[in-house]
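S.K.: sequence and computational prediction follow.
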Amino acid sequence: MSGGLVSFAFPPYPWTFLAWFAMVPFLASIARDAARPLSVESSVESHRPDWTGSFGPGLVFGFAYHAGLLSWWMQMFLARKEGLAVAAATAFAICAYGAVFTGLFSLIFALGIRGLARRPHSVLSALAPFWAAAVWVFIEFAACRSVGGLAWSTVGNSLWNSPAYIQTGSLFGPWGLSFLVVLANASIALAFAGLPGRRAALLILPSLLLIVSAGLLGRAALRRAPGEAGRPAIVRVAALHGHFDPEKVLESDFGASKTGIFERLAGELRGGPDLAVWPQLAVLDFSVPAVEKRVTGLAAAGRVPHIVGVQEEDGTGRVFNSAVLVSSGGLVESVYRKMRPVPFAETPLFGHPTIDDADTFPGDSPVLLKVAGANGRVAVAPTICWEMGFPGMVRDLTKMGGQVIVNLSEGIWFNPKAQAQYFALGLFRAAENRRWVVVSAANGISGAIDPWGRVVREVRPGTSEILYAGVTPRSDLTWYVRMGDVLPWPCLVFGFLGFYVFRRKTP
């Protein structure tokens, strides 16, 4: 129950408040079992933990949590005509993989609380919720690192609808949010778990003080942030938002008809924007000279630089998912090649080719696209598709000098739930980097998000139109951009020390 309840705090559901207590049944059940009095026949020295009983609850919680959060995964593979067996196998694998890490947390949490329960009236009780949050954060960090840094399912993302708490990301990235969520849940769970001699106030008040303080600091940051009317719109961006029938994706003329939608939109640009952004893979055959000439000609005709999502080759047969910067004169100035292809979707699955019958190779390095505007050049940090889910990658682009973040996406394989989860990732990246984020999506959600994680403009799926937004390039660096993922390492040290102290035998 607890795992499924947590997933309802994520998009598209507006019930972010669930994040603060949804984990309580899971944590309280572990704590109650760990604090259960030892039998008369056993002694402290002879008592041995039930490893299966400690690991199992976390396994079940993690599987339910990921299954609820990623329920769209099977639908995505079925839409790609991969077959029920492949869809079910990959969905099961990703849920089981995430469950292993929550099972590890459950085991460590149970062992630590079992040791703490042997110390009646211990002043260490007030630290127990903080210790639990620290252990969770490092395990979550390790889980994300093990899949290359993807932070789609971090529990802190459940605060997507809490602008004040999102500001914590500018200090500690996604890990600070996860710490607060688990701290709240652990405090409540331990307060009512029946630990001998513990008062609920001792377990809740210190945690409550930190959580309330974080919220107040976030609200203060939002009050200092300029409103839309007070922002100088130095760069006017037009995001092309397209919609097409996903049932026609396998037809032979799909690529041409898809490109035609965005060519039409590009021809309808008005008001002389400083930059036009096309979605991911808006042009599937950019390497064909006639197609390239037609696309670059649109930029030259309107005297507007374009960032175009294309599929292009490098002359050796390798295919890339790329973002191409076309100058206002119609010249290809620079190219960013997607560095993190989606497993199984843009890379072969057991020899099965991708939907376009070509393997997508990863790019070699991050690239900033320098766009010439009326007020000088602006360094645009490009991300493609689910790269928005990699906080470290976006942070590196900002540290390189990125002043505005753009994301080229395509939600053709996603249902509305996945599209909402994906778009919400931009809220966190915006606040972490204090940068504008502009999302141009095909069959997804397009929008402009300000540097405090607030959606200023938004276009939902189902239409083909142009989203206009005025954004302000920024060059300041947040603490998170400067320092990176520092929080998980003190959490590791605190976790080890707490575990040692809790488990140490009493005289």
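M.R.: Looks like it came in fine.
S.K.: buried set for stretch 379-397?
M.R.: 379-391, 393-395, 397 (16 or more other C-beta atoms under 10 Å). The C-beta positions use only the backbone N, C-alpha and C, and glycine is treated the same way.
S.K.: helices of the stretch 101-250 of the chain, start to end?
M.R.: Here the stretch 101-250 of the chain has its helices, by DSSP state H, counting those that start in this stretch, at 128-146, 163-166, 169-172, 174-191, 200-224.
S.K.: a markdown table for those, including distance to R270 and mean pLDDT?
M.R.: Shown next, in a markdown table, are those (distance: least, C-beta to C-beta, whole Å; pLDDT from 0 to 100):
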| stretch | distance to R270 | mean pLDDT |
| --- | --- | --- |
| helix 128-146 | 42 | 94 |
| helix 163-166 | 32 | 97 |
| helix 169-172 | 35 | 97 |
| helix 174-191 | 38 | 95 |
| helix 200-224 | 33 | 89 |
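S.K.: out of those, nearest to V6?
M.R.: Ranking those by their distance to V6 (criterion: C-beta to C-beta) puts helix 174-191 first, at 8.9 Å.
S.K.: tell me the angle that closest one makes with helix 128-146.
M.R.: 140 degrees (axes from the mean of the first three to the mean of the last three C-alpha atoms, to 10 degrees).
S.K.: what comes up buried for helix 174-191?
M.R.: 174-191.
S.K.: where exactly do the helices run in the stretch 301-450 of the chain?
M.R.: Counting by DSSP H, counting those that start in this stretch, the helices of the stretch 301-450 of the chain are 391-400, 416-433.
S.K.: of these, flag the one that's most buried.
M.R.: Stretch with highest mean neighbour count among those: helix 416-433 (a mean of 24; mean count of other C-beta atoms under 10 Å).
S.K.: name the helices or strands packed onto the helix or strand bottoming out on mean pLDDT in the chain?
M.R.: None of the helices or strands of the chain scores lower by mean pLDDT, DSSP states H and E than helix 72-79, at a mean of 77. Where contact means 3 or more C-beta pairs under 8 Å, 6 or more residues apart in numbering; DSSP states H and E, helix 72-79 is packed against helix 84-116, helix 416-433.
S.K.: the ones you listed: which one's closest to R294?
M.R.: Within the helices and strands packed on helix 72-79, the stretch nearest R294 is helix 416-433; the backing value is 29.3 Å (C-beta to C-beta).
S.K.: distance between the least confident helix or strand of the chain and the chain's centre?
M.R.: Using C-alpha atoms, centre = their mean, to the nearest Å, the mean C-alpha position of helix 72-79 is found 19 Å from that of the whole chain.
S.K.: got the contact list for that helix?
M.R.: Contact with helix 72-79 is made by 83-84, 86-88, 90-91, 94, 246, 344-345, 412-415, 417-418, as judged by C-beta atoms under 8 Å, 6 or more residues apart in numbering.
S.K.: just the buried ones from those?
M.R.: Those of those that meet the buried threshold are V86, A87, T90, A91, I94, F344, A345, I412, W413, F414, K417, A418, by 16+ other C-beta under 10 Å.
S.K.: quick one on the thing from earlier: S29 is nearest to which of the helices of the stretch 301-450 of the chain?
M.R.: Nearest to S29, of all these, is helix 416-433, at 27.7 Å by C-beta to C-beta.
S.K.: before we move on, back to that, would you turn the helices of the stretch 301-450 of the chain into JSON lines with distance to R474 and mean pLDDT?
M.R.: Shown next, in JSON lines, are these (distance: least, C-beta to C-beta, whole Å; pLDDT from 0 to 100):
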{"stretch": "helix 391-400", "distance to R474": "9", "mean pLDDT": "96"}
{"stretch": "helix 416-433", "distance to R474": "9", "mean pLDDT": "95"}
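S.K.: how about JSON lines for those helices, with distance to F494 added?
M.R.: Listed next are the helices of the stretch 301-450 of the chain as JSON lines, based on distance: least, C-beta to C-beta, whole Å:
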{"stretch": "helix 391-400", "distance to F494": "22"}
{"stretch": "helix 416-433", "distance to F494": "23"}
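S.K.: quick one, which of those helices is nearest to R270?
M.R.: helix 416-433 (25.2 Å).
S.K.: just the C-alpha atoms of the closest one, please, in PDB.
M.R.: These are the backbone C-alpha positions of helix 416-433, laid out as PDB (Å, rounded to 0.1, in the frame of the first residue of the first chain):
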ATOM      1  CA  PRO A 416      -0.300  11.500 -20.500                       C
ATOM      2  CA  LYS A 417       1.000  10.200 -17.200                       C
ATOM      3  CA  ALA A 418       4.500   9.800 -18.600                       C
ATOM      4  CA  GLN A 419       4.300  13.200 -20.400                       C
ATOM      5  CA  ALA A 420       3.400  14.900 -17.200                       C
ATOM      6  CA  GLN A 421       6.200  13.200 -15.200                       C
ATOM      7  CA  TYR A 422       8.700  14.100 -17.900                       C
ATOM      8  CA  PHE A 423       7.700  17.800 -18.100                       C
ATOM      9  CA  ALA A 424       7.900  18.100 -14.300                       C
ATOM     10  CA  LEU A 425      11.600  17.200 -14.500                       C
ATOM     11  CA  GLY A 426      12.200  20.600 -16.000                       C
ATOM     12  CA  LEU A 427      10.900  22.300 -12.800                       C
ATOM     13  CA  PHE A 428      13.700  20.800 -10.800                       C
ATOM     14  CA  ARG A 429      16.400  21.500 -13.400                       C
ATOM     15  CA  ALA A 430      15.300  25.100 -13.600                       C
ATOM     16  CA  ALA A 431      15.500  25.700  -9.800                       C
ATOM     17  CA  GLU A 432      18.800  23.700  -9.400                       C
ATOM     18  CA  ASN A 433      20.500  25.800 -12.100                       C
END
